[in-house]
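Undergrad: The sequence and its predicted three-dimensional model are supplied below.
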Amino acid sequence: MNTVPELKEITKRFGATQILRGVDLSIREGERHALIGPNGAGKSTLFDLIAGRTQPTSGRIALNGVDVTEMSAHRLRRKCLARTSVFTGLTVRDNIRCAVLGSHAATWKDRWFRSSVIDEEAHRVITAIGFADHSDALATSLSYAELRALDLGLALATGASVLLLDEPTAGMNHAEAARVLALIRETTQAKTLLIVEHDMEAVFALANRISVLVQGRVIATGTPAEIAANHCSEPSGSRGLSRRNAMSLNAGYGASHVLHDVSLRIGEGEIVALAGRNGSGRSTARQSADGACTRPRGSKLSRDIDDRKTASRYRADGRRLRA
């Protein structure tokens, strides 16, 4: 079976910091391959290398047997490898048309006379991703799940046979994630997918094979069943918390509602575990509870029990949350 792409002894260094340490990775043609690992393992850096956004310090990247190690992102796209970004100031239709236009290696004059063909291709993709009834909507008006669906549509519109999907279900609730996963399965048949994802439920539902990246090295590759047989844990930072009580916290990112009337009571000297799947709001709840972020107006956080029910909404601003 052909491998597209294939990485050999890839290293990447930023100054004195070594990010990737001799990565070997082979993606088989037509498979859905997930790349997992803890934060800081080098997943995003590896994605950028494969997409041509940066170049490795050493090693070789091949696509369909051709060395593309030093090839730029736009040239890689012409060789059927797509990693995309949404133009937030454009409509759904214009975003998709831009991607279709980019896939036609011709002069602008040729594209003008083939505009009806381009429109037909754009409409086909728009229908496939479920935007036929609101293709005139601005990307800024879409929910997070809809933006991810549009991002998938851009990749499909390029006509690429190899798609790079970076955390396609990040920040979604369970229903939104299920819809996006179903959309990926339906629209990417016969294509090769490389996926970076932290949601293990999504990974095991979508991937044919999984590679585990830890501290810049691939430590395991196998089927979902083989990877599941290994017990891995991801350490996370801890910080001291005094006695705190959070009452009726509501939080949202853009059009997505993350926390719904969450109330927490943390007793002095108590060890509290907050469990749940990725995207369920654990980090957002913890940031409010430990004071690592600006808390929403109206929500109550105190050192004593407070039964007042309040409702508010706050939005993400970089890595902080602001009212």
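TA: Received the coordinates, thanks.

Undergrad: Export stretch 162-177 to PDB, keeping only CA atoms.
TA: Output in PDB follows, covering the C-alpha atoms of stretch 162-177 (Å, rounded to 0.1, in the frame of the first residue of the first chain):
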ATOM      1  CA  VAL A 162      -4.700  14.300   1.500                       C
ATOM      2  CA  LEU A 163      -6.500  16.400   4.200                       C
ATOM      3  CA  LEU A 164      -4.900  17.700   7.400                       C
ATOM      4  CA  LEU A 165      -7.500  18.300  10.100                       C
ATOM      5  CA  ASP A 166      -6.300  20.100  13.200                       C
ATOM      6  CA  GLU A 167      -8.600  19.300  16.200                       C
ATOM      7  CA  PRO A 168     -11.900  19.200  14.200                       C
ATOM      8  CA  THR A 169     -14.100  18.700  17.300                       C
ATOM      9  CA  ALA A 170     -12.200  21.000  19.700                       C
ATOM     10  CA  GLY A 171     -14.500  23.200  21.900                       C
ATOM     11  CA  MET A 172     -17.700  21.400  20.800                       C
ATOM     12  CA  ASN A 173     -20.300  19.800  23.000                       C
ATOM     13  CA  HIS A 174     -21.200  16.100  22.400                       C
ATOM     14  CA  ALA A 175     -24.000  16.700  19.900                       C
ATOM     15  CA  GLU A 176     -21.900  19.200  17.800                       C
ATOM     16  CA  ALA A 177     -18.900  16.800  17.800                       C
END
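
Undergrad: Distance from the chain centre to that stretch, please.
TA: Remark: stretch 162-177 is offset 5 Å from the chain centroid, using C-alpha atoms, centre = their mean, to the nearest Å.

Undergrad: where along the stretch 101-250 of the chain do the strands fall?
TA: 162-166, 192-196, 209-214, 217-222, 244-253 (DSSP state E, counting those that start in this stretch).

Undergrad: elements contacting the third one?
TA: The contact analysis (3 or more C-beta pairs under 8 Å, 6 or more residues apart in numbering; DSSP states H and E) places strand 209-214 against strand 17-28, strand 32-36, strand 217-222, helix 224-228. To be clear about C-beta, it is placed using only N, CA and C from the backbone, and glycine gets the same treatment.

Undergrad: same thing but at 7 Å, please
TA: If you count contacts as 3 or more C-beta pairs under 7 Å, 6 or more residues apart in numbering; DSSP states H and E, strand 209-214 packs onto strand 32-36, strand 217-222, helix 224-228.
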